[in-house]
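A.B. asks: Sharing a model prediction with you, sequence too.
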2 protein chains.
Amino acid sequence: MLTPGPLYAQAEALLRARIADGTWLPGMALPAEPVLAAELGVSQGTLRRALAALERARLIEKLQGKGSVVATHTSERALFHFFRLRDAKGRAITPTSIVTRIMRDARSVRIARLRLLAGRAVIFERITLPAARFAGFSLPLRRELPDELYVHYQRHHGVTVARADESLSAIAADATAARALDVAPGAPLLRVDRIAFDAGGAAVERRVSLIDTRAHHYRINLD
Amino acid sequence: MLTPGPLYAQAEALLRARIADGTWLPGMALPAEPVLAAELGVSQGTLRRALAALERARLIEKLQGKGSVVATHTSERALFHFFRLRDAKGRAITPTSIVTRIMRDARSVRIARLRLLAGRAVIFERITLPAARFAGFSLPLRRELPDELYVHYQRHHGVTVARADESLSAIAADATAARALDVAPGAPLLRVDRIAFDAGGAAVERRVSLIDTRAHHYRINLD
DNA sequence: CAGTGGTCTAGACCACGGG
DNA sequence: CCGTGGTCTAGACCACTGA
């Protein structure tokens, strides 16, 4: 190893790299702790410290008596971590979505979609993906489907969203957004600009979401 | 001990309680690790696991070679954790504020204030505090002062904000907000409803902030 | 130099999952 | 039953702080 910092940090970086580069794919079991520790040349205690950090970052999941696996986006927990809208009472709601348009050029794929909560259009968003990571991207158009874009990225393109930065503001609805969300032009909408990153820290998605927050609020926990 | 769960969790709960009930006050040094471990009847390793959790929760700070102290809100890090507005380039800005009104009744203290960024009024907010925890609350009125409300709670009322839940939405400015923030009536504003909690999990503040997001955005990291 | 937290190890024992 | 991760301990050594 090239010794940048303490052993447990080196171990964590190495494991993180193996997940980012696809050596270990989502859903795959990691080697047992004693085996991994021997392979990395560290004690089991040191390895466990690295694994605990990866678990906090939601890159792996540890299962008592079974082993550790690379995290998958299929669990509700992972999905709702990136979907912060809740109803008036703070309850989580499962959205559906309708892709209205997909455009491609050499550099990127652009998607426009509506997301529905309890049957009503609540979010209108435009998503941009780097063409290099999403070759042959396709989705059924104009059909109401389960809202599982990050699951789709992971399953069909090997891209796992691990982290995202968001920038929120309030804007007035323009004609397009007003029509899509069935609100008056000029009505206040919550605008969310998101950049999502994979386990290796590379930006893998940019999206702008316009949200009608009359019936649903964006929930955050500041811990 | 009453054994609810693993030793390290019991130790963490016990230390957390001592911070919440004021046995150890903000800024105070904790006993050295070997001493604390002996007092709690656990090994130093187990104690360290509990302390690490408290450090992640920002309840204590560990200082190499010196010791551990109960966290204070004077550090920039703690302040900006609860202040998410950033300028267009994502840089943190230190706000100032003007308290415009303080009202009291038997149950609560109500505060109205404006917060300024680079001299311009950007946030208009109303804050409600439980009278029981904030006896004799007072602040200079109508004067531009450093924005340090949570520091004030801690220093003058022994209340440390440890955690907060927020609910965000976009609304149209009413006449009062429009005048306060110098925007047109009906202009879109970001509304943030916050409930803040102390180390013991008790709600200690409710506030509603109305924010002009034309020049500043609300920044979040989804890790 | 003494005292503090930071790292790393080795090993014992427990709790869970699945043949 | 065995293999997995979970907890807990004891102790060695390092790195930093301040008198």
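C.D. replies: Ah, there it is.
A.B. asks: where does chain A have low pLDDT?
C.D. replies: For chain A, the stretches with pLDDT under 70 are A:1-3.
A.B. asks: how is chain A carved up into domains?
C.D. replies: With automatic domain parsing as the criterion, the domains of chain A are listed as A:7-70, A:76-218.
A.B. asks: DNA strand D is nearest to which of those domains?
C.D. replies: With CB to the nearest atom of the strand as the measure, domain A:7-70 is the member of the domains of chain A nearest DNA strand D (3.3 Å). For every residue, glycine as well, the C-beta is placed using N, CA and C.
A.B. asks: Now for the residue nearest in space to the middle of chain A: which residues touch it?
C.D. replies: In chain A, the residue lying closest to the centroid (CA atoms, centre = their mean) is A:V161, at 3.9 Å. Applying CB atoms under 8 Å, 6 or more residues apart in numbering or on different chains, we find A:V161 in contact with A:H73, A:F82, A:Y150, A:Y153, A:Q154, A:A196, A:F197, A:D198, A:V204, A:E205.
A.B. asks: For A:L168, state which of these is nearest.
C.D. replies: Nearest to A:L168, judged by CB to CB, of the contacts of A:V161 is A:F82 at 14.3 Å.
A.B. asks: Please report how far that closest one lies from B:F124.
C.D. replies: A:F82 sits 31 Å away from B:F124, going by CB to CB, to the nearest Å.
A.B. asks: ok, those two, which is more surrounded?
C.D. replies: B:F124 (23 against 16; other CB atoms under 10 Å in any protein chain shown).
A.B. asks: can I get the contacts of A:V161 in TSV with distance to chain B and secondary structure?
C.D. replies: Converted to TSV, the contacts of A:V161 look like this (distance: CB to the nearest CB, whole Å; DSSP: H, G, I helix; E, B strand; the rest coil):
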residue	distance to chain B	secondary structure
A:H73	13	coil
A:F82	6	coil
A:Y150	12	helix
A:Y153	15	helix
A:Q154	16	helix
A:A196	8	strand
A:F197	10	strand
A:D198	13	strand
A:V204	14	strand
A:E205	12	strand
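A.B. asks: coming back round to it: can you lay out the domains of chain A as CSV showing distance to B:T213?
C.D. replies: Formatted as CSV, the domains of chain A follow (distance: least, CB to CB, whole Å):
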stretch, distance to B:T213
domain A:7-70, 29
domain A:76-218, 4
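A.B. asks: Reformat those as a markdown table; add distance to DNA strand C.
C.D. replies: Output for the domains of chain A, formatted as a markdown table (distance: least, CB to the nearest atom of the strand, whole Å):
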| stretch | distance to DNA strand C |
| --- | --- |
| domain A:7-70 | 2 |
| domain A:76-218 | 17 |
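A.B. asks: what's the closest of the ones you listed to B:D223?
C.D. replies: With CB to CB as the criterion, B:D223 lies closest to domain A:76-218 of those, at 5.4 Å.
A.B. asks: Please compute how far the closest one lies from its chain's middle.
C.D. replies: Centroid separation between domain A:76-218 and its chain, computed with CA atoms, centre = their mean, to the nearest Å, is 10 Å.
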